[in-house]
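Undergrad: Using only what follows, build the 3D model:
(one chain, ligands or ions: 2)
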Amino acid sequence: MAADCIFCKIAAGEIPAEKIYEDDKILAFLDLKPSSRGHALVIHKFHTADFASTPDGILNEIVPAVKRIAAGIMKATGAAGFNLTTNNGPAAGQVVFHLHFHIIPRYAGDGLKLFPQHESEKSKRQMLAEEIKKNLA
Ligand code: AMP
Ligand code: ZN
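TA: Ligands and ions are numbered 1, 2, ... in the order given. As a prediction, the model looks like this:
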């Protein structure tokens, strides 16, 4: 447990939340300010700040749980789909620095636009792809 981490405090029962799933490692609860009905957050009880700094072993435990919880949310809400996101770093809008996955249920015609898209030039895409490939370990 990390001091002053709001999600560790929820996991420890020190701050209330609308819990929807809990086991010895994983906790899921409804987002306080939902983007859609049923918007939930899934955390691992092992504190890590963000996705990039989380060991693979922890990710291997949380991802199947996210899948199972998303299926339950879909059934309960009647949603037609869902967006799965994690904000990694302040530039990406992360404000709570305990890894969490957002499950955002989507409803037909809800008009929610999460990721605006832009045109790009093929030559720039190719150069960027090469640069990224070089930097992959
Ligand atoms: P982010 O770090 O950008 O992924 O955003 C953190 C998310 O946590 C936001 O969607 C908040 O609405 C949500 N949140 C913050 N505090 C609580 C809380 N006490 N209970 C439930 N959700 C929370
Ligand atoms: Zn924490």
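
Undergrad: what does the chain put close to ligand 1?
TA: Neighbours of ligand 1 within the chain, by CB under 6 Å from any ligand atom: 6, 15, 17, 29, 31-33, 41, 87, 93-96, 100. For the C-beta atoms, the positions are set from N, CA and C on the backbone; glycine is no exception.

Undergrad: Please render those residues as TSV that adds neighbour count, distance to Ile132 and secondary structure to the earlier fields.
TA: Listed next are the residues of the chain next to ligand 1 as TSV, based on neighbours: other CB atoms under 10 Å; distance: CB to CB, whole Å; DSSP: H, G, I helix; E, B strand; the rest coil:
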residue	neighbour count	distance to Ile132	secondary structure
Ile6	15	34	helix
Ile15	11	39	coil
Ala17	18	37	coil
Phe29	20	35	strand
Asp31	17	31	coil
Leu32	9	35	coil
Lys33	5	33	coil
Leu41	23	29	strand
Asn87	16	20	coil
Gly93	9	22	coil
Gln94	17	22	coil
Val95	7	27	coil
Val96	14	28	coil
His100	25	26	coil
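
Undergrad: Pull the most distant pair out of those residues.
TA: Using CB to CB, the residues of the chain next to ligand 1 reach their maximum pairwise distance at Ile15 and Gly93, which is 21.6 Å.

Undergrad: First-to-last residue distance for stretch 10-20?
TA: With CA to CA, to the nearest Å as the measure, stretch 10-20 spans 13 Å from end to end.
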